[in-house]
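In: A predicted structure for the sequence below; I have some questions about it.
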Amino acid sequence: MTVRLLLADDQEMIRTALAALLDLEDDFSVVAAVGRGDEVLGAVREHRPDVALLDIEMPGMDGLTVAGVLRDQVPGCRVVILTTFGRAGYLRRAMEAGAVGFVVKDAPAEALADAVRRVVNGERVVDPVLAAATLAAGESPLTAREGDVLRVARTGASVAEIAGRLFLSEGTVRNYLSAAIAKTATRNRVEAARVADERGWL
């Protein structure tokens, strides 16, 4: 049986290199490669891959959101997140979105090939170091609204701008920011956004 693969990564060099590596495997065929998250669903419907290998950070739609879309609309396509972002919070979000594998890009090519074969056989595959970090980190302490406020804050927006974008009062934004700063044990909103992002909470 030949395993049909789709690659989604916004960096063309990585996409091309991965396709070349995976095509060296006798039982793999890369049937599609896209550079934007919002191109994945159409490509999956057109090419019918068995496994979609998704990067997290892509224009149009991030890989974690794409994983949820595929779970809901094309449940027969298994999703493996393949990323440079080996953050604990990302792993938890990927699994919640329906991904069955999570492999960091600096893993050896053989490890990626093995991960693909294992998910095709119905297993879940997770980088062991990341799995341990995820258990140690626990779940995000941020509420959904605190996360929303920090996502806008990390763009450098002022309190007034955050309030305008999220249709909140400035006082409410300050309260959410204060809570997020306390929960991330940081001194200001820039540090809070950085820490939350590093832990995969945003």
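Out: That came in fine, so what should we check first? Numbering: from 1, shown residues only.
In: The residue of the chain most remote from its centre: helix or strand, and which one exactly?
Out: Computed with CA atoms, centre = their mean, the residue of the chain farthest from its C-alpha average is G171, at 32.1 Å. Using DSSP states H and E, G171 maps to helix 170-183.
In: Name the residues of that helix that are buried.
Out: Neighbour-count burial for helix 170-183, counted by 16 or more other CB atoms under 10 Å, picks out 173-174, 176-177, 179-181, 183. To be clear about C-beta, it is placed using only N, CA and C from the backbone, and glycine gets the same treatment.
In: now the strands: where do they sit in this structure?
Out: Taking DSSP state E as the test, the strands found in the chain are 3-8, 28-34, 51-54, 78-83, 101-104, 125-126.
In: how about those, which one is nearest R154?
Out: Closest to R154 of the strands of the chain, according to CB to CB: strand 78-83, at 18.9 Å.
In: How much space separates R71 from G98?
Out: 3 Å (CB to CB, to the nearest Å).
In: Identify the residue spatially nearest to D38, adjacent ones excluded.
Out: Computed as CB to CB, 6 or more residues apart in numbering, the closest residue to D38 that is not its neighbour in sequence is G60, at 3.3 Å.
In: Now for that neighbour, how many residues are close by?
Out: 15 (other CB atoms under 10 Å).
In: That one reaches R36, doesn't it?
Out: Yes. Here G60 reaches R36: they are 4.0 Å apart, a contact under CB atoms under 8 Å.
In: quick one: least confident helix or strand in this protein?
Out: Least confident element among the helices and strands of the chain, by mean pLDDT, DSSP states H and E: helix 128-137 (a mean of 70).
In: got the contact list for K183?
Out: 141-142, 146 (CB atoms under 8 Å, 6 or more residues apart in numbering).
In: filter the residues you listed to the buried ones?
Out: For the contacts of K183, buried by 16+ other CB under 10 Å: 142, 146.
In: Cheers, nothing more for now.
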